[in-house]
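1. Predicted model, plus sequence, below.
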Amino acid sequence: MASEHGGADPRSLAEADARPALPKAPTGIRGLDEITHGGLPRGRSTLVTGGTGSGKTLMALSFLVAGAREYGEPGVLVTFEETAEKVTANVASLGFDLDGLQRDKLLVMYAFRVDPAEVIETGAFDLEALFLLLGEAIERVGAKRVVLDTIELLFGAFQDQAIVRAELGRLFRWLEERAVTAIVTGERGDSVLTRHGIEEYVSDCVIALDHRMQDEISTRHLQVVKYRGSAHGTNAYPFLISARGFVVLPITSVTLDYGAPGDRISTGVARLDHMLDGGLLRGSTVLVSGTAGTGKSTLGAHFADSACGRGERTLMILFEESPDQVTRNMRSVGMDLQPWVDAGLLRIWAARPTAFGLETHLAILDRLLEEFAPRVAVLDGIASLSHGATGPEVSSMLARKIDMLKGRGITAMLTTLAGADESSMVGVSSLVDTWLLVRNVESNGERNRLLFVLKSRGTAHSNQVREFVLTDHGVELVDVYVGPAGVVTGSARLVLEAQERGANFRQGQELARRRRELRGGIVEAEARLAVLQDELAAQRAEFERIQERERRQASDAEADRSALAARRWADPASPGEGER
């Protein structure tokens, strides 16, 4: 069973881990070793089959060169179709120095030609001459790897399948007895994997290469049809023949084991960061969808500009515009991306989606990520990839791109057209962490933009809409005006805001007038109160003077009575006398 994006089923991997590991020889081909969980069966033979131009010879040579260069395993190449000189010249442009490997005694090459006109079909036919040649070459360099290219030319003159079957069995047994890891290439038949239809039954591993044209676009796929004693990915995996050689896209075999950092980075728009509770989570993927002209590309440029401003390498991939066109257009909103390009912080790559197949686009992204090592990526106009391809194909390819970015910890922003029902036209909205929708609204004879946060996994976020305004100094998010008729934007919002400001001004003037009136009344009342307080103080003082005068008079009267009594020698009054 295969996983959704092409790797082997996790349950089969767990079961494989519980079994003894089969010794394997790494091919050195990125992606293929992941699919086969370590490489080809060591000491056994692998059949690589495919049509003309499918890449069989290049894959086999990549296996030999990697063994000699990287793993210290010398090899032998026997070609039944081309001369050794021609093979050497064909792969020189890929950086394969076969002559140098031969001088270093890491490779032996032979051209073994069979002339059908000289062959007489008899039961006595055998491969002794080939066995002698191979044995001598293996001993000469201590070879651990052997490639036979292409096996049909060796048996093409024979119609007796019994002879072919017997000799093929002998060949594979002979190779296994010498403990060499071998690749035998074969042409694909009409209804079977190979022209003779029997090679796959005597091989321990069978890999089929497919090269086809669809809508005038070349596509290539690799499938591990059989692998005795080992779990392996069974899906058809895209591969390329490029300047880097034979490349199987490694993303097809990744598992969901990438990290999830908790730190945040800015989108380049402060109010959008606030709506996302501080910005985007590092290593996450955000999708910006909307109809044409809603400002998706500008938001992506803001994101790239902000990342470069922090000193982070940023990759922009454009599917609808040229790099010069984007840098020119962004100057109209106050962003100059060219200095970042000149400083080596920003790399812009552009190509029409129809220029390559989907697998090529995926491989190009893989190469750019490996060469440039960005921390941030912007993929602008991904909906264009759907031209000439089916929806599931595009969704699968974009899912692998997202996995590729997440696996490297790259924070990515993807922009795409949205359908009338707000759905993403490329079907990846469920795979992204954050989804921003930019919508055009028409009212009062004009169109304005609104921005929504439809989702943001793992973080709190605003559920409020903001007006998305493009100015000469970049993107601005403005609070919408909610009036009696609902959300109001654009010039209608400006009119209502002006009316509100006018009403507030008039209310302020009325309050100021009333404030002045009250202040005057307070001053007048305070003056009257001061007069009353003065009168009260004067009356209290007069009252106290009268009381003091009465006390003095009483005291003087008592003193006079005492003096008169003393003059009369009057006896002191007895108790109660005063009462008689």
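-> That came in fine, so what should we check first? Residues are numbered from 1 along each chain as shown.
2. So which elements touch the lengthiest helix in the chain?
-> Criterion DSSP state H: the longest helix present in the chain is helix 490-567. For helix 490-567, the elements it packs on are strand 446-456, strand 481-483, judged by 3 or more Cβ pairs under 8 Å, 6 or more residues apart in numbering; DSSP states H and E. All C-beta spots, glycine's among them, are computed from the backbone N, C-alpha and C.
3. Go through the ones you listed and pick out the most buried.
-> strand 446-456 (a mean of 18; mean count of other Cβ atoms under 10 Å).
4. if we look at that strand, which residues are touching it?
-> 272, 275-277, 294-295, 422, 429, 433-442, 461-463, 465-470, 477, 480, 487, 489-491 (Cβ atoms under 8 Å, 6 or more residues apart in numbering).
5. Nearest residue to M330 in space, please, no chain neighbours.
-> Among residues not flanking M330 along the chain, A301 sits closest, at 4.8 Å (Cβ to Cβ, 6 or more residues apart in numbering).
6. again with S429
-> W435 (5.5 Å).
7. what's across from that neighbour in the sheet?
-> With beta bridges defined as DSSP bridges, W435 has these partners: L287, K455.
8. my read: it touches S284, true?
-> No. With contacts counted by Cβ atoms under 8 Å, W435 stays clear of S284, the gap being 11.2 Å.
9. and stretch 207-214, C-alpha only, in CSV?
-> Provided in CSV are the C-alpha atoms of stretch 207-214 (Å, rounded to 0.1, in the frame of the first residue of the first chain):
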residue,chain,number,x,y,z
ILE,A,207,12.8,-1.2,-12.2
ALA,A,208,10.7,0.1,-15.1
LEU,A,209,11.3,3.5,-16.7
ASP,A,210,8.5,5.2,-18.6
HIS,A,211,8.9,8.2,-21.0
ARG,A,212,5.8,9.5,-22.7
MET,A,213,4.4,12.7,-24.3
GLN,A,214,1.2,14.2,-23.0
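10. Check the offset of it from the chain's centre.
-> 29 Å (Cα atoms, centre = their mean, to the nearest Å).
11. And T434, how close does it get to L385?
-> Between T434 and L385 the computed distance is 21 Å (Cβ to Cβ, to the nearest Å).
12. Strands of the stretch 1-150 of the chain, residue ranges please.
-> 24-25, 40-41, 45-50, 75-79, 107-111, 145-149 (DSSP state E, counting those that start in this stretch).
13. Just the angle for the longest one relative to strand 145-149, thanks.
-> Translated: strand 45-50. 40 degrees (axes from the mean of the first three to the mean of the last three Cα atoms, to 10 degrees).
14. partners of strand 45-50, with directions?
-> Counting by DSSP bridges, strand 45-50 is paired with strand 181-187 (parallel), strand 205-214 (parallel).
15. Between the ones you listed, which has the poorest mean confidence score?
-> Between the strands paired with strand 45-50, the one with the least mean pLDDT is strand 205-214; it has a mean of 83.
16. following that strand, which helix or strand comes up?
-> Using DSSP states H and E, the next helix or strand after strand 205-214 towards the C-terminus is strand 217-227.
17. Can you name every helix or strand that that next one contacts?
-> Checking 3+ Cβ pairs under 8 Å, 6+ apart, strand 217-227 ends up next to helix 32-35, strand 205-214, strand 237-242, helix 358-372.
18. which one of these is the most hemmed in?
-> By mean count of other Cβ under 10 Å, those have helix 32-35 as the most buried, with a mean of 24.
19. how near is the closest residue to S386 other than its chain neighbours to H361?
-> Spatial nearest neighbour of S386, excluding adjacent residues (Cβ to Cβ, 6+ apart): V394 at 4.8 Å. Relative to H361, V394 is positioned 10 Å away (Cβ to Cβ).
20. Which residues are in contact with each of the two?
-> In contact with both V394 and H361: L385, using Cβ under 8 Å, 6+ apart.
21. if we can go back for a sec, can I get the strands paired with strand 45-50 in a markdown table with distance to K24?
-> Output for the strands paired with strand 45-50, formatted as a markdown table (distance: least, Cβ to Cβ, whole Å):
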| stretch | distance to K24 |
| --- | --- |
| strand 181-187 | 9 |
| strand 205-214 | 10 |
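22. Out of those strands, the one nearest P261 is which?
-> Of all the strands paired with strand 45-50, strand 205-214 sits nearest to P261, with 37.4 Å by Cβ to Cβ.
23. what's the angle between the closest one and strand 217-227?
-> Going by the same axes, to 10 degrees, strand 205-214 makes 160 degrees with strand 217-227.
24. Taking strand 237-242 as reference, get the angle to strand 205-214.
-> 70 degrees.
25. so how far is strand 205-214 off the chain centroid?
-> With Cα atoms, centre = their mean, you get 29 Å for strand 205-214.
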